[in-house]
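Peer 1: below is the structure, and that's it, no one-letter string:
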């Protein structure tokens, strides 16, 4: 093996070693986000179209229940305004929404499996969605492990943080961790956020330095 | 039939008559737009994920070609970085993108069929997408029929129009009609836009007043 080949081989190995699973986790939480927002937009759109068929059902606040109602609609009960063609087009839309929902679930499972390997402690402390979003916002597991817990606490609340720094508005109490149930259920949300952020900070450090 | 029943009946009929197919067209172009942007976001996401498998193919500029390459990837050629699970997850994503594409096509056909009934002349002059977007921007076929052709010309360029009115920037030459091939191919785009807008204006008036 000559010098050039050796060089190539080493570069290749370096590249492979520099590849981190957390990058895949970041891409996958991105996929989940896109699927989520696409679904929500299509559901809102279906509501508008369905309102010409049955205005009452189109306003069911819970999306799951609404979709179930739409699934039930039978062609026997054609409205005066809509014909078969209109209903067929809506039912195609409904099918796609369901298919997006299934894909979202399977992408979440895939992401969770990766997290079980790379950051089991983070996964357990923060959950799959919040955990993955924290990695995304931090940029990598490494960055997150080197971050003070006070910063983890407000990750995802950058706008509010800038308002605080520049305009002397109140400091934000939480970023993406806000959706964690230990906070949404707590009475003193500020305290709960501080506690959760500190737990997450320890978990991430465990996850990251275990593999070093 | 007593007075109350008569009243109810009339109100019901009024409601039905006030329902306009153009509203459905507006909702459907909305569906098409959502599907389009969801697809584009998912393709960009797939490109990022696929780049760990094959960085060269992930940069193919044409989306159609890129998706075809991804379809070809065989599990025999597993990369060092990605395992079967990663590829399976990507191939699920690919399937969803294809399914969104098919739905978009069928929703476009549905919309085109409605336009053939409600506004065949607009459809022929502007095409399905631009025609439907003009109805959406105008709010209804009626509004569009009562609109001067100079306004049709800049529908969808509201921001540029405001810049023109307030900051004395140049007047915009076209809004959504810009994507029409008679303009993108023309040398004098301003003139082509004026001509197209005037043709569209005549077509919409024909469509709308025919049914009056």
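Peer 2: Received it, and whenever you're ready, just let me know what you need. What you are looking at is a predicted structure, and each value in this text was computed from that prediction instead of being measured. Numbers count the residues shown, from 1 in each chain, chains lettered A, B, ... in the order given.
Peer 1: and the longest helix for chain A?
Peer 2: helix A:84-118 (DSSP state H).
Peer 1: can you check what angle separates that one from helix B:84-118?
Peer 2: In terms of direction (axes from the mean of the first three to the mean of the last three CA atoms, to 10 degrees), helix A:84-118 departs from helix B:84-118 by 160 degrees.
Peer 1: got a list of contacts for the next helix or strand after helix A:84-118?
Peer 2: Of the helices and strands lying after helix A:84-118 in sequence (DSSP states H and E), the nearest is helix A:120-126. Residues from elsewhere that reach helix A:120-126 (CB atoms under 8 Å, 6 or more residues apart in numbering or on different chains): A:112, A:115-116, A:131, A:134-135, A:141, A:144, A:177, A:180, A:196, A:199-200, A:202-204, A:206-207. Just so you know, the C-beta spots here come from the backbone N, C-alpha and C atoms, and that holds for glycine as well.
Peer 1: switch to 6 Å and redo it
Peer 2: By CB atoms under 6 Å, 6 or more residues apart in numbering or on different chains, the surrounding residues in contact with helix A:120-126 are A:115, A:131, A:199, A:200, A:203, A:204, A:206, A:207.
Peer 1: swap in stretch A:53-70?
Peer 2: Stretch A:53-70 has contacts (CB under 6 Å, 6+ apart) with A:43, A:47, A:50, A:51, A:79, A:82, A:94.
Peer 1: give the contact list for the last one.
Peer 2: Residue A:94 makes contact with residue A:70, according to CB under 6 Å, 6+ apart.
Peer 1: returning to that earlier point: how about the contacts of helix A:120-126 in CSV, adding neighbour count and distance to chain B?
Peer 2: Below are the contacts of helix A:120-126 laid out as CSV (neighbours: other CB atoms under 10 Å in any protein chain shown; distance: CB to the nearest CB, whole Å):
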residue, neighbour count, distance to chain B
A:115, 27, 13
A:131, 29, 18
A:199, 18, 29
A:200, 25, 26
A:203, 21, 24
A:204, 28, 23
A:206, 15, 24
A:207, 23, 20
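Peer 1: farthest-apart pair in these, please.
Peer 2: By the measure CB to CB, A:115 and A:199 form the most distant pair in these, at 16.1 Å.
Peer 1: where does residue A:139 fall, phi/psi-wise?
Peer 2: In terms of degrees, to the nearest 10, the main-chain angles of residue A:139 are phi 100, psi -30.
Peer 1: from residue B:32, how far off is whichever residue of chain A sits closest to chain B?
Peer 2: Relative to chain B, the nearest point of chain A is residue A:38 (3.7 Å; CB to the nearest CB). Distance of residue A:38 to residue B:32, computed by CB to CB, to the nearest Å: 13 Å.
Peer 1: low pLDDT regions in chain A?
Peer 2: For chain A, the stretches flagged by pLDDT under 70 are A:12-19, A:73-81, A:211-212.
Peer 1: since that was my last question, I'll sign off now.
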